[in-house]
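Student: Sequence and predicted model, in that order:
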Amino acid sequence: MLDSHATWEEYRSELALTLGFVTEKMIDSLTNLVFEVSQEGGFIYIVGNGGSASIAQHAICDFTKGASGKNGKIKSIDLTSVATITAYANDSDYSEIYASQINTICSSKDLVILVSSSGNSPNIISAAKTAQSLNIRTFALVGFEAPRVCEYVNDYIWVKSTNYGIVEDVHMSILHSVSQKLRLQLK
């Protein structure tokens, strides 16, 4: 796998190869889950750290506006607010910034999507465990090797690359595809 100093040709080649391992069936499993939860009146929550937090925020925008259009059918909420996560981190522990929010506002009708390049961040694992204990459906987008969060979620897509950029690009591509498929379903 590539390091962070790859040439454009190397990066492009690995990105294409890695995207090739993501199947339509994988995309459909997440698309169908988001659609089902939305049709049942549930909310979609997405969490992540660093670049994955930006991916989460972008996906929330795509689901709420892009997929839903004027119909507003997909209710999605970003749990990565700087004010909220720093308040939880200050009052308890950074590893609980998402678990605390999930415990406070999510219900068993909802879906929590966890985006993590490594799949091993303590706050992502804690969020998955909390959602699991509350019977909240979960789906993870992970990468790298041996992502532990997969033990605590209902389903996941594992992008098998150790390059942050590749993993993040593939995660964003997956969520873009899901959003576009949802838009077609909601027409």
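Tutor: Sure thing, it's come through. Everything quoted here is computed from the prediction, not taken from an experiment. Numbers count the residues shown, from 1 in each chain.
Student: What ranges does this structure have for its strands?
Tutor: Secondary structure of the chain (DSSP state E): strands at 44-48, 76-78, 111-116, 137-143, 155-159.
Student: Need those in JSON lines (columns: distance to residue 149, mean neighbour count and mean pLDDT).
Tutor: Placement of C-beta: from N, CA and C, glycine included. Converted to JSON lines, these look like this (distance: least, Cβ to Cβ, whole Å; neighbours: other Cβ atoms under 10 Å; pLDDT from 0 to 100):
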{"stretch": "strand 44-48", "distance to residue 149": "11", "mean neighbour count": "26", "mean pLDDT": "97"}
{"stretch": "strand 76-78", "distance to residue 149": "19", "mean neighbour count": "19", "mean pLDDT": "91"}
{"stretch": "strand 111-116", "distance to residue 149": "6", "mean neighbour count": "28", "mean pLDDT": "98"}
{"stretch": "strand 137-143", "distance to residue 149": "5", "mean neighbour count": "25", "mean pLDDT": "98"}
{"stretch": "strand 155-159", "distance to residue 149": "8", "mean neighbour count": "20", "mean pLDDT": "98"}
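Student: To residue 9, which of these lies closest?
Tutor: Among the strands of the chain, the nearest to residue 9 by Cβ to Cβ is strand 155-159 (20.4 Å).
Student: can you list contacts of the closest one?
Tutor: 18, 21-22, 26, 29-30, 33, 119, 138-143, 147, 149-150, 166-167, 170-171, 174 (Cβ atoms under 8 Å, 6 or more residues apart in numbering).
Student: how about the helix ranked longest in the chain as PDB, C-alpha atoms only?
Tutor: Criterion DSSP state H: the longest helix present in the chain is helix 164-186. Output in PDB follows, covering the C-alpha atoms of helix 164-186 (Å, rounded to 0.1, in the frame of the first residue of the first chain):
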ATOM      1  CA  TYR A 164      -5.700   7.700   4.800                       C
ATOM      2  CA  GLY A 165      -6.400   9.600   1.600                       C
ATOM      3  CA  ILE A 166      -7.500   6.500  -0.300                       C
ATOM      4  CA  VAL A 167      -9.700   5.300   2.600                       C
ATOM      5  CA  GLU A 168     -11.300   8.700   3.000                       C
ATOM      6  CA  ASP A 169     -11.800   9.100  -0.800                       C
ATOM      7  CA  VAL A 170     -13.500   5.700  -0.900                       C
ATOM      8  CA  HIS A 171     -15.700   6.500   2.100                       C
ATOM      9  CA  MET A 172     -16.800   9.700   0.600                       C
ATOM     10  CA  SER A 173     -17.500   8.000  -2.800                       C
ATOM     11  CA  ILE A 174     -19.600   5.400  -1.000                       C
ATOM     12  CA  LEU A 175     -21.700   8.000   0.800                       C
ATOM     13  CA  HIS A 176     -22.100  10.000  -2.400                       C
ATOM     14  CA  SER A 177     -23.400   6.900  -4.200                       C
ATOM     15  CA  VAL A 178     -25.800   6.200  -1.300                       C
ATOM     16  CA  SER A 179     -27.100   9.700  -1.400                       C
ATOM     17  CA  GLN A 180     -27.700   9.600  -5.200                       C
ATOM     18  CA  LYS A 181     -29.400   6.200  -4.900                       C
ATOM     19  CA  LEU A 182     -31.600   7.500  -2.200                       C
ATOM     20  CA  ARG A 183     -32.600  10.500  -4.300                       C
ATOM     21  CA  LEU A 184     -33.800   8.200  -7.000                       C
ATOM     22  CA  GLN A 185     -35.700   6.100  -4.600                       C
ATOM     23  CA  LEU A 186     -37.400   9.100  -3.100                       C
END
